[in-house]
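Asks: need coordinates for the below:
(one chain, ligands or ions: 2)
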Amino acid sequence: MHALGLEHSYARELPAACVDCPPEPAPAPRLLFLNADLAHELGWSLENLGGADAAAVWCGNRLPADARPVAQAYAGHQFGGYSPQLGDGRALLLGERLDRYGRRRDIAFKGSGRTPFSRGGDGKAAVGPMLREVLIGEAMHALGIPTTRALAVVATGATVWRDTALPGAVLTRVAASHLRVGTLQYFATRGDFDTLRLLVDFAIARHDPQLREAPDRVYALLRAVVQRQASLVAQWMNVGFIHGVMNTDNMTLSGETIDYGPCAFMETYDPGTVYSSIDHQGRYAYANQPAAALWNLARLAEALLPLVADASDETSVREAVEQATRALDEFHPIYAAERLRGQRRRLGLLSDAPSEDADDAALAADWLALMQAQAVDHTLGWRLLADAAVGRSQPLLAHFREPRDALAWIERWQARCARDDATRGTSPAARSASMRQASPRIIARNHLVELALVAATEHGDLQPFERLLEALRHPWDDSDEYAPYAQPAAPEQAAGYRTYCGT
Ligand code: AMP
Ligand code: MG
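Replies: Numbers count the residues shown, from 1 in each chain. Ligands and ions are numbered 1, 2, ... in the order given. Sure, this is the predicted structure:
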């Protein structure tokens, strides 16, 4: 197929960090999803994407003329234990594309067959989990949260064996880059410091070009990643997103959410929530995510140490550790500030009022505690506050078993809002409108995602998937057509909900 304007800076500059590898042919490809919006961002028309041949192109049967598929090497701490060799076991980077805005984006397959990094795996992916990645990624994107996105999903016509026989699929993923904490770990633990240094240069050129001439480039990169991840995880927390597998191979340097496996949005507010079937200890429970992110960043700092410390010189090692520690210490203030910024927007506090930060944080924390105590839906609990801002508290109170406790909190909140109005000239109507842009009405609810995937995989019916996708692309929209997507699961649907690894 024709060339797509793909470039190969990674394969060219980091030959030691990837291996050439062709995709496996698909027996009977069928296009399930093509992301017109993302294609446009990438400067492609649907015709560019293959037109009638799109299914053959986006499963790897007819690669773009300028694709150069490579599998990338990486390591990673998985649930705390170190695996020195993971790598793209079922993924291939086809190349990079400069998008309309001049951003370099990776175009990569997932589920395209075995690679030298496949270990015992089959290199494949199933239709259900790949459509799930589409839904959650597009939901995150619509919510304004940095994320990789899906460009296409093709059913391969092959059978994938998991617990049962499943239809196979290839997903095309678009990412700011696929550099992971685990990418640097791979070379640090092998003692290949030359490639490690090249990777740092590559990461800086790609994500932090302003740091190119910085005297302490390595720490500067560490600080930039700390900043991006602290901000990202705060956004996850504010929207109730649970990643589920925050291993260091699933944490990007770009600050994009990556690898939608057993992830989910929380329904009833409970900080202990774990959905992932493989997270037996709750390591990546909702409330543990900031700590897990910081733990991963400490592993990144360790991986970078060989570039800044001379292992035979104790003073140099001590100084390097101190510098790295200072960088890691920036995580919590950045996280807390971003978390509070989001909460203040959700509370409808429009003004900057640093002197009220502590009170506002307590106000938000008390709201969360109330929702937890009364098992309120996290999304609706916040969303319906926008109505309460203009005196319509009943729809919100209907979600509380003990409305009196909620009423007391609402009065306290309204007093705080009135102070904002008096001193800053804001108004309840403006507040309510802005709150509707801060607290989504529609998230990817687990029961709806499951219904859409069952219809697609078991009945070949893509309509529920397409309709849900459309709703997820309008998270702030109050119109009636999306009302069914705003409803929490019935208790029996929500009970014991588990998500399975995206394999
Ligand atoms: P994940 O849990 O999806 O982040 O994957 C962890 C590691 O397992 C990565 O190195 C993946 O490439 C690899 N992996 C996951 N599924 C498969 C599969 N079906 N075949 C080969 N490798 C896989
Ligand atoms: Mg992964």
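
Asks: got the residues of the protein near ligand 2?
Replies: 250, 259 (C-beta under 5 Å from the ion). Bear in mind the C-beta positions are built from the backbone N, C-alpha and C, glycine included.

Asks: quick one, domains of the chain?
Replies: What automatic domain parsing lists as the domains of the chain is 9-178, 182-335, 349-436.

Asks: any chance of those domains in JSON lines, with mean pLDDT and mean neighbour count too?
Replies: Listed next are the domains of the chain as JSON lines, based on pLDDT from 0 to 100; neighbours: other C-beta atoms under 10 Å:
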{"stretch": "domain 9-178", "mean pLDDT": "97", "mean neighbour count": "20"}
{"stretch": "domain 182-335", "mean pLDDT": "96", "mean neighbour count": "19"}
{"stretch": "domain 349-436", "mean pLDDT": "93", "mean neighbour count": "16"}
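
Asks: residue 470 is nearest to which of the ones you listed?
Replies: For residue 470, the closest of these is domain 9-178, at 9.7 Å, according to C-beta to C-beta.

Asks: after the longest strand along the chain, which helix or strand is next?
Replies: Determined from DSSP state E, the single longest strand within the chain is strand 149-161. For strand 149-161, the following helix or strand on the C-terminal side (DSSP states H and E) is strand 165-175.

Asks: and the longest strand of the chain, what other elements does it pack with?
Replies: strand 30-34, helix 36-41, helix 54-57, helix 127-142, strand 165-175 (3 or more C-beta pairs under 8 Å, 6 or more residues apart in numbering; DSSP states H and E).

Asks: C-terminal to the shortest one, what's the next element?
Replies: Looking back up the chat, that one is helix 54-57. Sequence-wise, the next helix or strand downstream of helix 54-57 (DSSP H and E) is strand 70-72.

Asks: now do that following strand: distance to the chain's middle.
Replies: Distance, stretch centre to chain centre, for strand 70-72: 21 Å (C-alpha atoms, centre = their mean, to the nearest Å).

Asks: who's in contact with it?
Replies: Outside of strand 70-72, the residues within contact range by C-beta atoms under 8 Å, 6 or more residues apart in numbering are 10-11, 17-21, 87-89, 91-93, 115-117, 178, 183.

Asks: coming back round to it: nearest to residue 387, out of the helices and strands packed on strand 149-161?
Replies: Ranking the helices and strands packed on strand 149-161 by distance to residue 387, with C-beta to C-beta as the measure, places helix 127-142 first at 21.8 Å.

Asks: show me what the closest one is packed up against.
Replies: For helix 127-142, the packing partners by 3+ C-beta pairs under 8 Å, 6+ apart come out as strand 30-34, strand 149-161, strand 165-175, helix 446-459, helix 463-472.

Asks: coming back round to it: possible to save the domains of the chain as TSV with distance to residue 496?
Replies: Shown next, in TSV, are the domains of the chain (distance: least, C-beta to C-beta, whole Å):
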stretch	distance to residue 496
domain 9-178	18
domain 182-335	10
domain 349-436	15
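
Asks: relative to ligand 1, which of those is closest?
Replies: With respect to ligand 1, and counting by C-beta to the nearest ligand atom, the nearest of these is domain 9-178 at 2.3 Å.

Asks: now the strands for this protein?
Replies: Assigned by DSSP E, the strands in the chain fall at 18-20, 30-34, 70-72, 76-78, 81-83, 91-98, 104-110, 125-126, 149-161, 165-175, 241-242, 264-265.

Asks: just put those strands in CSV and tack on distance to residue 202.
Replies: As requested, the strands of the chain are exported to CSV (distance: least, C-beta to C-beta, whole Å):
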stretch, distance to residue 202
strand 18-20, 12
strand 30-34, 30
strand 70-72, 12
strand 76-78, 19
strand 81-83, 23
strand 91-98, 11
strand 104-110, 11
strand 125-126, 27
strand 149-161, 22
strand 165-175, 14
strand 241-242, 29
strand 264-265, 33
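
Asks: residue 218: which of the ones you listed is closest?
Replies: Nearest of those (C-beta to C-beta): strand 76-78, 20.2 Å.

Asks: for that closest one, which outside residues touch it?
Replies: Contact with strand 76-78 is made by 82-83, 86, 180-182, 185, 247-250, 296, 299, as judged by C-beta under 8 Å, 6+ apart.

Asks: list the strands paired with it, with their directions.
Replies: Applying DSSP bridges, strand 76-78 is found paired with strand 81-83 (antiparallel).

Asks: what does the stretch 101-250 of the chain have sitting close to ligand 1?
Replies: With C-beta under 6 Å from any ligand atom as the criterion, the stretch 101-250 of the chain meets ligand 1 at residues 118, 121-124, 245, 249-250.

Asks: right, and residue 24 touches residue 125 too?
Replies: No: assessed by C-beta atoms under 8 Å, residue 24 is found out of contact with residue 125, at 11.8 Å.

Asks: including distance to residue 375, could the residues of the stretch 101-250 of the chain next to ligand 1 go into JSON lines?
Replies: Output for these, formatted as JSON lines (distance: C-beta to C-beta, whole Å):
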{"residue": "118", "distance to residue 375": "43"}
{"residue": "121", "distance to residue 375": "39"}
{"residue": "122", "distance to residue 375": "41"}
{"residue": "123", "distance to residue 375": "42"}
{"residue": "124", "distance to residue 375": "39"}
{"residue": "245", "distance to residue 375": "26"}
{"residue": "249", "distance to residue 375": "35"}
{"residue": "250", "distance to residue 375": "30"}
